[in-house]
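Visitor: dropping a prediction and its sequence here:
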Amino acid sequence: FLLIFITFICVIPWMESQYSDYRQGHTTGPRINNDKLYKFTYSTEVLIDRIKGLPEDSAGYRISSGVDVNLVWRNPNNDDDQLIRIMIKDVKIENVNERPAAKNIFKGKHSENIIGKEYLSALQRPVVLQWTRGKVKNFYSYKNEPAVIQNLKRGLASLFQIQLHSGAAREVDVSGKCNVTYHARESQVTKIKALGTCEIKKTGFTSHNELLDVSTKVTSATIYVLEDSFIKSVRAEENHVLSLNFRQTTNAKIVSKQKLELKSMEAGPRVIAGKQVASVINTLDSNYIAVPLVAEPVKTECKNCPSVSNHTVRDLNSRRYFGMTCHAKASCFQYSANYHFIKQFDTICLIILQISEHWQAIRKQLEPENLSKAEATRSFLSFIQNLREATKEEILQILRSERNEVLPQLVDAVTSAQTPASLEAMLEFLDFKNGSSSVLQERFLYACGFASHPNELLLKSLINRLQGQIGNSEIRETVTIIIGALVKKLCDKGGCKLPAVVRAKQLILGGLDRAKKEDDVKMYLLAMKNALLPEAIPLLLKYAEAGEGPISNLAATALQRYGISFITSEVKETMNRIYHQNHKIYEKTLRTTAAAIIFSNNPSYMEVKNLLLSIGELPLEMNKYMLSLVQDILHFEMPASKMIRKVLKDMVVHNYDRFSKTGSSSAYSGYVTRGPDASSTYSLDILYSGSGILRSSNMNILLFNKNARLHASQVVIEAQGLESIIAASADEGEENLESFAGMSAILLDVQLRPVTFFQGYGDLMSKMFSATGDPMNVVKGLILLTDYSQVIQLQSGLKASAEFQGGLAIDISGGMEFSLWYRESKTSVKNRGAMVVVGNIFVDSFFVKAGMETSFETEATLNFISTVQFSEYPFLVCMQMDKIESPFRQYVTKYESLPSGKRYTSRKGKVKLLAGSEYPLHQENSNMCRKVFSTQSDSSDSWF
């Protein structure tokens, strides 16, 4: 009976415990044996290359060492609660792949020479882990160790985070707090870490528009092999792939690997007796403290760095060299965005360049005549990097010492730096009360509108300026317009409820509601055209339907920019009333805009039918335009094409009389480029008055991929009230329009302030007799397109940095020539630009740096010319859209370097010439151009 009782009280609880373990999963973890020293080999390596690059061509390095592991203490109440001591020894730094001696920067270098005696000593000081059921519960190390060394130890310690049963978990290691999934089978465990879920303090920024940004793909896997309930080997690999969204061949890949292998076991130190972890740690070494396992930030510090004043700057702006490391002094080998290259003793060396010296070295490239060259854009990008490290006082010193001709470009760069110091410097430098410096003020404001990652401080600063005294009415208008652009960008990033955004929305909406003067109404409508606030739609509908002339058209074009989800049945009903003139007579430009809105937003069968039935009942040139618009939708397979084809099956709609209308107005769309990463389209809409004078010319270029869209540019030239010059009759609804011609532009989704060529009959006559035929500048400047900077925490403990910058130097001009003698008018739009994109990806451990720079650049010119001869009817119209031959250059530079100045560099480049071309328009235009040029040729040979 006693034996049965003992069995009952002892065995049954043990069985319950076993059943509980089975039910909850395997709750024990790996265990380390008492009094044993486990000797491992450990290596961590990092490789940087393009996605399709070969491992042997990659830049990178390997840190290898021995690792001793032994048990310090085991909890007497829980065998799975252990303190283990880990010590790194026999450290070596080497190439990942075999290299010839001339290309091996580590050959002949001892670890102490590379790392430094202090850093090496810190790296070899042991750490202690509280290891409970395979999880690192606490990480004990020494206080005030260099962060880069501490992180390397964290990377090794993180390999001991393991779970022996399958399942998901939330786990903390050097990468942060991450979601992980374990797959266990026999003696092997595989851990998949979802790096995108890791919670860790992040620094950096991304570009506002997804199309211009950088996409990333990350993977992480670790395979554990176990033997006798302990780790026999660990292999971990993570991959970070970065690629430019609009050109994914500009990319980079970071591969980080770790390998830990057990080589032998021998007798080790005895375990320490004790019941509490704290007392055991204190007995082991009183200097130990518990520190987080998550990596800590690495601070860079550079003291006593050399000056550039005694050296000759070489290829300062060539981003092909930016990022390589050849250090002038051992005490100054940390990476900084201020570094640039000089030539010294036939060696390119990396040193810190003072911002004033940098500006003097690049200012010639930023002179107005050089703005359409790639060197200007590259100088702009490199200078922004330096400006981001500068103080307000340093920036102001340069601004105040510069001359007028390059000052606008300097303003572009300072504003694009987007730091608190650069913003404060610009606001102090620009005197908005002074109306004579409007050029600089406008450049500052446009750079704010194009900001790649604007913040609330920038918006707040502009609101304060708007509510203060502004000496120039055009600048006041521009400030309001740009406030609208910033509201849109901040709302897109989830900042619609920020106090400054709420204040700006109230200012725009309330300002329009209270506006009495026509110019004020236009100003607030332009701001709304940028802000695209859903709550502004009722106001826009009111002004579109009830407004007069330009105001109605401006409100309608603002509605045209809204996404399809905002174009409600109420909006479409209003557009139908405008187009069909149910309540009043409207201008052709407004009616055609209303038709475009209907066609672009899921039109119903009856809406399409009514639009098509109107063709034939419209003013002559509007008939032709609407017919051309319908044919363009069908030709380009736009979303409305299916409904149009359905309606055209009705022969009442689809008949010869309706579809044979003559005229010169047209609408045509085509592809500029088509590619797997991104495509771009152009559209040209030309509307003439019945007398043959241009009414509006609208050229658009759109960029898009499967996820994002960017309205790259729009240039609209409008003219009205010119019929009296040639004694012609105005079209219906346009009899009393004032003589006017002007240009409006959208650039990178930002509506700019319109430019007026002339307004009023007197101004027209004055301009006609004094005209030189020279084009008027619409926008000129330097724009930061892509701005991406991220620090990537690798699970080895190293940190990688990824920076992508893209810049655009742009010059858009347009003009309108009018000749009564030859009865000919000509409008022209010239787009010139240079684009440079640079990606710099590197891993800097302070004692060795490896990285890659990938870049491309191009210069391009796109011309649009429309020639009209109205000496007879139907008048002759020729439209031309030409792309000029342009260079395309691509470079890849890989580098490895040591603080001593020893380095390895590999450079490759590819240069080609992109052929010029004339973009095809419809066949009718080609026939017309032949007649125009034939007429011009005949007249050139005649007597005068």
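Guide: Structure's in. What do you need?
Visitor: what packs against the helix or strand harbouring L590?
Guide: Element membership for L590 (DSSP states H and E) is helix 588-599. Using 3 or more C-beta pairs under 8 Å, 6 or more residues apart in numbering; DSSP states H and E, the elements in contact with helix 588-599 are helix 549-560, helix 569-579, helix 605-614, helix 620-635, strand 679-688, strand 694-704. For every residue, glycine as well, the C-beta is placed using N, CA and C.
Visitor: which residues are contacting the first one?
Guide: Same thing as helix 549-560. Identification of contacts with helix 549-560 by C-beta atoms under 8 Å, 6 or more residues apart in numbering yields 518, 521-522, 525-526, 528-529, 532, 536-537, 540-547, 567, 571, 575, 578, 586-587, 589-590, 593-594, 596-597, 600, 720, 737, 740.
Visitor: coming back round to it: okay, the angle between the helix holding L590 and strand 694-704?
Guide: 30 degrees (axes from the mean of the first three to the mean of the last three C-alpha atoms, to 10 degrees).
Visitor: phi first, then psi, for the residue lying closest to F205 once chain neighbours are set aside.
Guide: Spatial nearest neighbour of F205, excluding adjacent residues (C-beta to C-beta, 6 or more residues apart in numbering): H453 at 4.5 Å. For H453, the backbone dihedrals are phi -150, psi 70 (criterion: degrees, to the nearest 10).
Visitor: what residues are up against H453?
Guide: 205-208, 418, 787.
Visitor: which of the residues you listed lies closest to D228?
Guide: Using C-beta to C-beta, T206 is the member of those that lies nearest D228, at 48.2 Å.
Visitor: before we move on, the earlier item: tell me the buried residues in the helix holding L590?
Guide: Of the residues in helix 588-599, 588-599 count as buried by neighbour count, 16 or more other C-beta atoms under 10 Å.
Visitor: please apply the same query to stretch 224-234.
Guide: Neighbour counts over stretch 224-234 (16+ other C-beta under 10 Å) mark 224, 226, 231-234 as buried.
Visitor: now, the residues you listed that are in helices?
Guide: Among the buried residues of stretch 224-234, the subset assigned to helices under DSSP state H is empty.
Visitor: strands - which of the residues you listed land there?
Guide: 224, 226, 231-234 (DSSP state E).
Visitor: turn the residues you listed into CSV, columns for distance to F139 and pLDDT.
Guide: Shown next, in CSV, are these (distance: C-beta to C-beta, whole Å; pLDDT from 0 to 100):
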residue, distance to F139, pLDDT
Y224, 19, 96
L226, 22, 93
I231, 17, 93
K232, 23, 94
S233, 22, 95
V234, 17, 96
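Visitor: the residues you listed: which two are farthest apart?
Guide: Going by C-beta to C-beta, the pair spanning these furthest: L226 and V234, at 10.0 Å.
Visitor: so which of the helices and strands packed on helix 588-599 comes closest to L430?
Guide: Here helix 549-560 is closest among the helices and strands packed on helix 588-599 (C-beta to C-beta), at 28.1 Å.
Visitor: ok, A527 - contacts?
Guide: Neighbouring residues of A527 by C-beta under 8 Å, 6+ apart: 480-481, 483-484, 508, 511.
Visitor: at 6 Å instead, please
Guide: Counting by C-beta atoms under 6 Å, 6 or more residues apart in numbering, A527 touches 480-481, 484, 508.
Visitor: quick check: it is in a helix.
Guide: Yes: assessed with DSSP: H, G, I helix; E, B strand; the rest coil, A527 lies in a helix.
Visitor: what subset of the contacts of H453 is buried?
Guide: Buried residues within the contacts of H453, counting neighbours by 16+ other C-beta under 10 Å: 206-208, 418, 787.
Visitor: tell me where the model's unsure across this protein.
Guide: Within the chain, the ranges that satisfy pLDDT under 70 run 1-27, 300-353, 692, 721-738, 757-779, 816, 818-822, 870-875, 922, 935-944.
Visitor: one step back: okay if I get the helices and strands packed on helix 588-599 as CSV plus distance to I362?
Guide: Output for the helices and strands packed on helix 588-599, formatted as CSV (distance: least, C-beta to C-beta, whole Å):
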stretch, distance to I362
helix 549-560, 39
helix 569-579, 49
helix 605-614, 55
helix 620-635, 45
strand 679-688, 30
strand 694-704, 29
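Visitor: got TSV for those, with mean neighbour count and distance to N386 too?
Guide: Output for these, formatted as TSV (neighbours: other C-beta atoms under 10 Å; distance: least, C-beta to C-beta, whole Å):
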stretch	mean neighbour count	distance to N386
helix 549-560	23	39
helix 569-579	18	48
helix 605-614	18	56
helix 620-635	22	48
strand 679-688	21	32
strand 694-704	21	30
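Visitor: put the alpha carbons of the helix or strand encompassing S744 into CSV.
Guide: Assessed by DSSP H and E, S744 sits inside strand 740-747. Extracted C-alpha coordinates of strand 740-747, given in CSV (Å, rounded to 0.1, in the frame of the first residue of the first chain):
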residue,chain,number,x,y,z
PHE,A,740,-5.1,88.1,-73.4
ALA,A,741,-2.3,85.5,-73.9
GLY,A,742,-0.5,83.6,-71.1
MET,A,743,1.1,80.4,-70.0
SER,A,744,0.4,78.1,-67.1
ALA,A,745,2.6,75.2,-66.0
ILE,A,746,2.5,72.2,-63.7
LEU,A,747,5.8,70.7,-62.8
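Visitor: list the pairing partners of it within its sheet, with orientation.
Guide: strand 709-720 (antiparallel), strand 750-751 (antiparallel), strand 755-759 (antiparallel) (DSSP bridges).
Visitor: can I get those strands in TSV with distance to A504?
Guide: Output for the strands paired with strand 740-747, formatted as TSV (distance: least, C-beta to C-beta, whole Å):
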stretch	distance to A504
strand 709-720	21
strand 750-751	15
strand 755-759	25
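Visitor: winner for burial among those strands?
Guide: Most buried of the strands paired with strand 740-747, by mean neighbour count (mean count of other C-beta atoms under 10 Å): strand 750-751, with a mean of 26.
Visitor: now that strand, how far from the centre of its chain.
Guide: On the basis of C-alpha atoms, centre = their mean, to the nearest Å, strand 750-751 sits 17 Å off its chain's mean C-alpha point.
Visitor: tell me where the stretch 101-250 of the chain has helices.
Guide: Taking DSSP state H, counting those that start in this stretch as the criterion, the stretch 101-250 of the chain carries its helices at 111-115, 117-123, 147-157.
Visitor: list the buried residues for the second one?
Guide: Of the residues in helix 117-123, those buried under the neighbour-count criterion (16+ other C-beta under 10 Å) are 119-120, 122-123.
Visitor: swap in the shortest one?
Guide: Across helix 111-115, burial judged by 16+ other C-beta under 10 Å covers 111, 113-115.
Visitor: please export the C-alpha coordinates of it as CSV.
Guide: Taking Å, rounded to 0.1, in the frame of the first residue of the first chain, the C-alpha atoms of helix 111-115 are listed here in CSV:
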residue,chain,number,x,y,z
SER,A,111,44.1,43.0,-36.8
GLU,A,112,45.6,45.5,-34.3
ASN,A,113,46.8,47.7,-37.1
ILE,A,114,43.4,47.7,-38.7
ILE,A,115,41.0,47.9,-35.7
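Visitor: what lies in contact with that helix?
Guide: 91-93, 120, 847.
Visitor: if we go to 8 Å?
Guide: 91-93, 106, 120, 123, 847-848, 898-900.
Visitor: just checking, what packs against the one helix or strand D68 maps to?
Guide: Assigned by DSSP H and E, D68 falls within strand 59-75. With contacts taken as 3+ C-beta pairs under 8 Å, 6+ apart, strand 59-75 sits against strand 36-49, strand 78-94, helix 277-284, strand 849-869, strand 886-897.
Visitor: mind doing that once more with 6 Å?
Guide: Judged by 3 or more C-beta pairs under 6 Å, 6 or more residues apart in numbering; DSSP states H and E, the packing partners of strand 59-75 are strand 36-49, strand 78-94, strand 849-869.
Visitor: give me the angle between the last one and strand 886-897.
Guide: Strand 849-869 runs at 170 degrees relative to strand 886-897, counting by the same axes, to 10 degrees.
Visitor: nice, that's everything, thank you.
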